[in-house]
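Q: this one's sequence-less:
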Ligand code: HCA
Ligand code: CU
């Protein structure tokens, strides 16, 4: 399977609602849905209509917006939930039930055989009611479930011939790429269904696990904007897109409107009252900054020397920092050119040494360096060159 044939199921309006600060109003949900649709997310997963009267109403509203994204809702493995969900006109239903011994014992109390029987009853019933709906069956806590039992559940469901997709969920964020590859690869070999991966980020593998799932044959990946969700969330949309871009730039550029990512993230960040982390994929404030002189020189010659992602594809720009002791004369010269100041290479080299000496004594700003550049360009380059006002 080519890594190009995958779909994003963005769950900001379901898993993302489980983020501690998320309390989306109906109007905010519609704005998020539209922004994700414009970005190009193929599916949006919304909170169960059983969660609250407002959740039911918002599901109906968003289903009727006429978006390109297909609208899914997430329900327990119950006929009652399914009946309410189907009545909203959604494009698909994501059914989930826990299979780990912990969830069997402390959550729903069912044995593996009981899970298989219940899944058969509910899934067959849904298919009979809605022959064209996209039907997904997922096991919660798949990666802490006994592998033989897990497979028994999936194969029994596959055999029913009524579901489109089997979901795997790393509910507590403990899976590794190798484990995800093994389980998804097994499902790929033994079933004909599409395969979805939903991965939490508790131990930092959510993007790598999503990628491993795709390499092993998964077709659908769950994301949320900024990765928000229960605890510290799931695979972030931006991080997954960055990962896919580095694998196939042209395809990713064609598939998603990448310049929409930052406004989308800023909107959701504001709604849930968080800042975008400094080291966020693509949109963190330092994602396209370059500092060391050696990096700056190469970046000025050819940006792909030190950039796997082209900021312009995401509607962003790079920044080369020069006001510090690691600076290099090529970057200082580029700044002089930007300011249209005429300085010889020897002058720029000498000034660069001067900047390094000053930076050893105190933190400099770009204004300080610009002041020095102007000062030197005006012919005031005495060895003890006084700093312009405010710099010394
Ligand atoms: C949860 C459920 C879930 C479901 C994932 C899925 C998980 O714990 O809230 O439907 O595949 O992480 O297991 O989000
Ligand atoms: Cu989850």
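A: Done, it's in. Bear in mind that the values here come from a model prediction, so they are computed numbers and not experimental data. Residues are numbered from 1 along each chain as shown. Ligands and ions are numbered 1, 2, ... in the order given.

Q: Verify the stated contact: residue 42 with residue 36.
A: No: using Cβ atoms under 8 Å, residue 42 is not in contact with residue 36; the gap is 9.8 Å. C-betas here are computed from N, CA, C, even on glycine.

Q: Looking at those two, which one has more neighbours?
A: Per other Cβ atoms under 10 Å, whichever of residue 42 and residue 36 has more neighbours is residue 36, with 26 against 17.

Q: Next one: the more buried one from residue 69, what distance?
A: 6 Å (Cβ to Cβ, to the nearest Å).

Q: Now do the contacts for the nearest residue to residue 314 once chain neighbours are set aside.
A: Distance criterion Cβ to Cβ, 6 or more residues apart in numbering; nearest residue to residue 314, sequence neighbours excluded, is residue 258 at 4.9 Å. Residue 258 is in contact with 241, 245, 252, 313-315, counting by Cβ atoms under 8 Å, 6 or more residues apart in numbering.

Q: Contacts made by stretch 145-164 with the rest, please.
A: Taking Cβ under 8 Å, 6+ apart as the rule, stretch 145-164 contacts 92, 99-101, 112, 115-116, 119-120, 123-124, 126-127, 134-137, 139, 142, 166, 183, 186-187, 190-194.

Q: quick one: the helices in the stretch 101-250 of the chain?
A: 101-103, 112-129, 147-160, 177-190, 206-215, 237-247, 249-255 (DSSP state H, counting those that start in this stretch).

Q: same question but for the stretch 251-392 of the chain, I mixed them up
A: 261-271, 293-301, 329-338, 345-361, 366-377.

Q: Reformat the ones you listed as CSV; add mean neighbour count.
A: What follows is the helices of the stretch 251-392 of the chain, written out as CSV (neighbours: other Cβ atoms under 10 Å):
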stretch, mean neighbour count
helix 261-271, 19
helix 293-301, 18
helix 329-338, 20
helix 345-361, 16
helix 366-377, 19
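
Q: got the contact list for residue 98?
A: Counted by Cβ under 8 Å, 6+ apart, residue 98 has contacts 104, 107-108, 139-141, 171.

Q: er, residue 45 actually
A: By Cβ under 8 Å, 6+ apart, the neighbours of residue 45 are 9-11, 13-15, 72-74, 94, 222.

Q: Mind checking which of these land in strands?
A: Among the contacts of residue 45, the members falling in strands (DSSP state E) are 9-10, 72-74, 94, 222.

Q: circling back: could you flag which of the contacts of residue 258 are buried?
A: In those, burial by neighbour count holds for 241, 245, 252, 314, counting by 16 or more other Cβ atoms under 10 Å.

Q: Of all pairs in those residues, which one spans the longest distance?
A: Taking every pair in the buried ones among the contacts of residue 258 and measuring Cβ to Cβ, the maximum separation is 10.6 Å, between 252 and 314.
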